[in-house]
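J.: Turn this into a structure:
(2 chains)
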Amino acid sequence: MMNKLTQDMLPAFQGVIPPTLATVSDDGIPNVTYISHVHYIDEEHIALSRQFFSKTWKNINENPHFTVAVTCPETFTLWKINVSYQEEEKEGGLFEEMDMIITAIASMQGMEDTFKLQSAVICKVESIQTLVLNGKIN
Amino acid sequence: MEKSIEFLEKDLKEEKRKNVLLKNVAVELANLSPLKRKLNNILELLDNNFNLKHTILLFPAMNDTVLRVFASRGFADPGIGVEIPFNYGVVGTVASKKKKLRVSRLSQYRRYANAFLKKDESITQTIKLPGLPNAESQVAFPLIANNELVAVLSCESENIMFFHQTDEDLLMTLSKQIALSIQNSIIYEQLEERVKLRTKELENLNKTKDRLFTIIGHDLRSPVTSLEGLAELFEYYNSEGKNEKLKELGPRISFAAKNVNQLLDNLLNWSLGQRDGLRCVPQNIELHSLVAKVHLLFNDFIASKNIHFSQSVDAKASVFADYNMIFSVLRNVISNSIKFTPSGGQVEVSTNEIEDKVQITIKDTGIGISKEKIETLFSLQKNRSTLGTDRERGSGLGLVLVNDFMRLNKGSIHIDSSKAGTSVQLLLPTQ
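T.: Have a look, this model is predicted:
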């Protein structure tokens, strides 16, 4: 099992195929949701954009260990990434970079006030598992 | 082992491809061409080398409040000249944040946002940038040179997978070069434009100078000739021993010499003014003594026409202006009054204070100036001199100069005239 993100995984972070996010509450109830995309920081870190998710956010605060599944849109390789929540950023370069896309979409719809990035949720990569490779379940 | 060789080969191929690409791009970017051609060339280059088929180049305008489409490629409607606000959409956000932005699955974002929109769609889609109706991906780059946003490059595709990450990074590296290349073209065009403008200015200046030479040729020659004639007459009367005639001749010679002197003075000041060399150095000027000085200068002239000259200038009246310029203004205006007042008439100089300004009025009982003439008095192109009541010649320059000097000293000139005489009002600041 790997614990570092590799170059061939990069296309999976472009948001072409929506990633899946699975969290668990303190009393063991799971929550699975689609998210628009996962942001690649470096080979050991990713970030999620926190706009609305209330249940997910509640779960992450109760249990900082969760899973993200990302798919490469070129090869359809599917990876399961186990991460742990580290911190949230409400300003700075990373926040601004992630905020840009939301601002851009919202401004076209005249909804700058509704669509706002609350924070960039920074997570550390714990382990990576390849679930689907070359169209076959690994 | 086999696998690593395969990887190395792949890497090598990729590097080779990049190399060729960079070479192609560098050659084009180094060319200095007019802006429009340069922009079209850049878009063609991106099409051929990066397979970017649908592109727009937008420039910041109106003090960085809007972006305007300057070139586009691969759209049904090229949309040249379309403007969007600086914060609007992907392109606007890239411009304001000066960072590149990639958006995939555009249709999904459109649906996502529309779900929140409910019925109020009036605010959406009001701005029609050139674009693909079914765009799925968009990448926009800020083109920055010397820390300045030169343009925004936007690329669209209907394909969800377009523009590989490695190419995107390569283009980001190239964006600075593209920006510099565009900036050079802009400067090149501006220089061309400036040269044209400057040439026009020089042509106009040359025309004025030509006119100046015509005036000198025409006007300086006659007073000098008349001075020469008077001097010859002096020589003749002297040789004949006609002392009475010599006495009469004295003031006329003196006046003729002053006339030449004043004209020279005017021409010199004028030509300096034309070269932007005339500097205005304001100071407090006591008007009483200045008017007295002008009176003294024209004493012979006044006496020869038997004119009654009076001045009621307040002993304390003063203005804040350039001494030489105001002296010249008064010389010109007062000598005009004398010139156009028939023998036995009156010229009166008075002052009165109006708020923080002083008005100097020069009033005469002269022949007056027609309305049409007043309108052309201050223009060098139109104004021609009128002969005085004793056929005194002028240059047509005096009042043009007066107007320039008054303007330079934050003053103004107003003329009232009828057949009963003329009143010239000069308004100047006291501080």
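J.: Could you list the residues of chain A in contact with chain B?
T.: For chain A, the residues in contact with chain B (Cβ under 8 Å from any Cβ of the partner chain) are A:10-11, A:14-16, A:18, A:36-37, A:73-74, A:96-97, A:100-101, A:103-111, A:114-115. All C-beta atoms are positioned from the backbone trio N, CA, C, and that covers glycine.
J.: All the helices of chain A, residue numbers only.
T.: Using DSSP state H, the helices of chain A run over residues A:55-62, A:93-108.
J.: Straight-line length of stretch B:406-420, end to end?
T.: End-to-end span of stretch B:406-420 (Cα to Cα, to the nearest Å): 26 Å.
J.: Filter the residues of chain A next to chain B down to the buried ones.
T.: Buried residues within the residues of chain A next to chain B, counting neighbours by 16 or more other Cβ atoms under 10 Å in any protein chain shown: A:11, A:14-16, A:18, A:36-37, A:73, A:97, A:100-101, A:103-111, A:115.
J.: From the centre of chain A, point out the most distant residue.
T.: A:G110 (26.1 Å; Cα atoms, centre = their mean).
J.: Determine the three-state secondary structure at the residue nearest to B:K419 when sequence neighbours are not counted.
T.: Spatially, and ignoring its direct neighbours in sequence, B:K419 is nearest to B:G368 (4.8 Å; Cβ to Cβ, 6 or more residues apart in numbering or on different chains). Under the three-state scheme (DSSP: H, G, I helix; E, B strand; the rest coil), B:G368 adopts coil.
J.: looking at the helices of chain A, which is closest to B:L197?
T.: Checking the helices of chain A against B:L197 by Cβ to Cβ gives helix A:93-108 as the closest, at 38.9 Å.
J.: Tell me the gap between that closest one and the middle of its chain.
T.: Per Cα atoms, centre = their mean, to the nearest Å, the displacement of helix A:93-108 from the mean C-alpha position of its chain is 16 Å.
J.: again with stretch B:159-177
T.: Remark: stretch B:159-177 is offset 44 Å from the chain centroid, using Cα atoms, centre = their mean.
J.: Mind listing residues that contact it?
T.: Contact with stretch B:159-177 is made by A:10-11, A:14, A:16, A:73-74, B:14, B:18, B:21-22, B:25-26, B:29, B:46, B:50-52, B:100, B:102, B:104-105, B:136-137, B:139, B:141-145, B:153, B:155, B:157, as judged by Cβ atoms under 8 Å, 6 or more residues apart in numbering or on different chains.
J.: Can you list the buried residues in that stretch?
T.: Neighbour counts over stretch B:159-177 (16+ other Cβ under 10 Å) mark B:I160, B:F162, B:F163, B:D167, B:E168, B:L170, B:L171, B:L174, B:S175, B:Q177 as buried.
J.: Now chain A against chain B: closest residue?
T.: Nearest residue of chain A to chain B: A:G110, at 3.5 Å (Cβ to the nearest Cβ).
J.: CSV please, covering the helices of chain A and showing mean pLDDT.
T.: Supplementary listing: the helices of chain A in CSV, determined by pLDDT from 0 to 100:
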stretch, mean pLDDT
helix A:55-62, 93
helix A:93-108, 84
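J.: can you tell which of the ones you listed is closest to B:S350?
T.: Closest of these to B:S350 is helix A:93-108, at 68.0 Å (criterion: Cβ to Cβ).
J.: The contacts of stretch B:159-177 in helices, which ones?
T.: Using DSSP H, those in helices are B:E14, B:K18, B:L21, B:L22, B:V25, B:A26, B:L29, B:L46, B:F50.
J.: Max pairwise distance over those residues: which two?
T.: Maximum pairwise distance in these, criterion Cβ to Cβ, is 21.9 Å, between B:E14 and B:L29.
J.: okay, those two: which has more neighbours?
T.: Using other Cβ atoms under 10 Å in any protein chain shown as the criterion, B:E14 and B:L29 rank with B:L29 on top: 19 against 11.
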